[in-house]
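1. Any chance you could fold what I've pasted below:
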Amino acid sequence: MKYKRLIGINLLVLCGLLFILSVILYFVQYNRITTFFKFTSEFQAQYYIPDSTALFIHKPNIHIYDNWGTPEQKISTERRTNNLGFRDDDDVLAKKQNELRVLVTGDSHTDGVLKHNTESFINVWETQLNAKDTTTYYNCINGGVGYYTFRNYHGFLKKYAYLQPDVFVINVFTGNDFRECALYEDDRTSFSNIYKSMRMSVRRKFQSSAAQEFPYIQGIEQLLYYESFPSEKERTMTIAQKYLLEIIALCKQENIRLIVTLLPSRAEVKPAFYDKIQTLFNLDTETMDTNKELTAMLIDFLQKQQIEYHDLTPALLDSTEKLYWDEDLHINPKAHELIGNFLFDKIDLK
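-> Numbering: from 1, shown residues only. Here you go, the predicted model:
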């Protein structure tokens, strides 16, 4: 009887400690998420500001130099924004009479991890358009912002519709735009979201040292997220479609041509990298093809809505050159060049 009582007390103490630990972990994760959206960290504060419509945007008129990269791929980037916070050297002024204005948005891949703004696929596309047709002034504006996803794309268009774009391009990064859908909703600090975020953090702690050192936010984290929570595929796709429907309605209202481009992660472009990830994280083929599955679901939706879209995979698939930075898996200048050429060849803006 004495031993049973002792065991019962120990179990009770253990349960109490586990409960306290769970509460602590919950509030740590809660604080991490809420702090992110306040944009008060040193890195965020120099580049981003909160916005009531788009959630957050770039600060205008900044000029920052960053030095980073691997020993094999060193790079200095010039983060420069214009009067509206867009990644362009020239300010956005009143629309010219012969101007065809193309407003482009996307996440950090569109924002550009580049030495100069002029290397972005938006500027490559613009240069080719103006070289071919001198009767029209093509103004392609880079409104890409790091961390953006479908909610931001809708807010971005609402905020800048007054610029009277003739074309609105959304460059969807299929490597993490879906996973971030739920995280950026108003209920992002709900118990469900906190639990999922916390579980992913704990899972990362138990990965091998090689896996922990691997840059996985740009494509790989999404694979792991949906492996852990497969039912989230349908929910996050529903959120993405909701915002796309609102974008479609706004474009019709403002007489804006909507184009969606689909940018794949490195795993979808480089078979050797696909194999490397699969081995390193011990993932089955179904999990490895999650990004492709979600992309196919989005394409099906776009087709039903009769929305113009372009899968950028063919533009990158056959290149023998490096197209993604080893440091963080963002597309590099060569990929931007190929994408700019692809858009020039595939899209007739007249």
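2. Nearest residue to the middle of this protein?
-> By C-alpha atoms, centre = their mean, the chain has its centre lying nearest to Asp107, at 4.0 Å.
3. Go ahead and confirm that one touches Val145.
-> Yes - with contact defined as C-beta atoms under 8 Å, Asp107 reaches Val145; the gap is 7.1 Å. (Each C-beta comes from the backbone N, C-alpha and C, glycine too.)
4. Could you list the residues in contact with stretch 242-260?
-> 150-151, 153-154, 157-158, 161, 164-170, 172, 301-302, 305, 307-310, 347 (C-beta atoms under 8 Å, 6 or more residues apart in numbering).
5. can you pull the buried residues of that stretch?
-> Tyr243, Leu244, Glu246, Ile247, Ile248, Leu250, Cys251, Ile256, Leu258, Ile259, Val260 (16 or more other C-beta atoms under 10 Å).
6. how about the CA coordinates for the helix or strand hosting the third one, as PDB?
-> In this structure, Glu246 is located in helix 232-254 according to DSSP states H and E. Included here for helix 232-254 are C-alpha records, laid out as PDB according to Å, rounded to 0.1, in the frame of the first residue of the first chain:
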ATOM      1  CA  GLU A 232      -3.500  20.600 -43.200                       C
ATOM      2  CA  LYS A 233      -3.100  20.200 -47.000                       C
ATOM      3  CA  GLU A 234      -6.900  20.700 -47.600                       C
ATOM      4  CA  ARG A 235      -7.200  23.500 -45.000                       C
ATOM      5  CA  THR A 236      -4.300  25.600 -46.200                       C
ATOM      6  CA  MET A 237      -5.300  25.100 -49.800                       C
ATOM      7  CA  THR A 238      -8.800  26.400 -48.900                       C
ATOM      8  CA  ILE A 239      -7.200  29.500 -47.300                       C
ATOM      9  CA  ALA A 240      -5.100  30.100 -50.400                       C
ATOM     10  CA  GLN A 241      -8.100  29.800 -52.700                       C
ATOM     11  CA  LYS A 242     -10.100  32.200 -50.600                       C
ATOM     12  CA  TYR A 243      -7.600  35.000 -51.000                       C
ATOM     13  CA  LEU A 244      -7.100  34.200 -54.700                       C
ATOM     14  CA  LEU A 245     -10.900  34.500 -55.200                       C
ATOM     15  CA  GLU A 246     -10.700  38.000 -53.600                       C
ATOM     16  CA  ILE A 247      -7.800  38.900 -55.800                       C
ATOM     17  CA  ILE A 248      -9.700  37.800 -58.900                       C
ATOM     18  CA  ALA A 249     -12.700  39.900 -57.900                       C
ATOM     19  CA  LEU A 250     -10.600  43.000 -57.300                       C
ATOM     20  CA  CYS A 251      -8.800  42.500 -60.600                       C
ATOM     21  CA  LYS A 252     -12.100  42.300 -62.400                       C
ATOM     22  CA  GLN A 253     -13.300  45.400 -60.600                       C
ATOM     23  CA  GLU A 254     -10.200  47.400 -61.500                       C
END
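7. how far off helix 232-254 does whichever helix or strand comes after it point, in degrees?
-> Beyond helix 232-254 on the C-terminal side, the first helix or strand identified by DSSP H and E is strand 257-263. Computed by axes from the mean of the first three to the mean of the last three C-alpha atoms, to 10 degrees, the angle separating strand 257-263 from helix 232-254 equals 150 degrees.
8. For the helix or strand just after strand 257-263, which helices and strands make contact with it?
-> The C-terminal neighbour of strand 257-263 among helices and strands, as given by DSSP H and E, is helix 271-281. In terms of contacts (3 or more C-beta pairs under 8 Å, 6 or more residues apart in numbering; DSSP states H and E), helix 271-281 is packed against helix 209-213, helix 220-228, helix 285-288.
9. Low-confidence ranges, this structure, go.
-> The chain contains residues with pLDDT under 70 at 1-6, 8-9, 13, 19, 21-22, 68-74.
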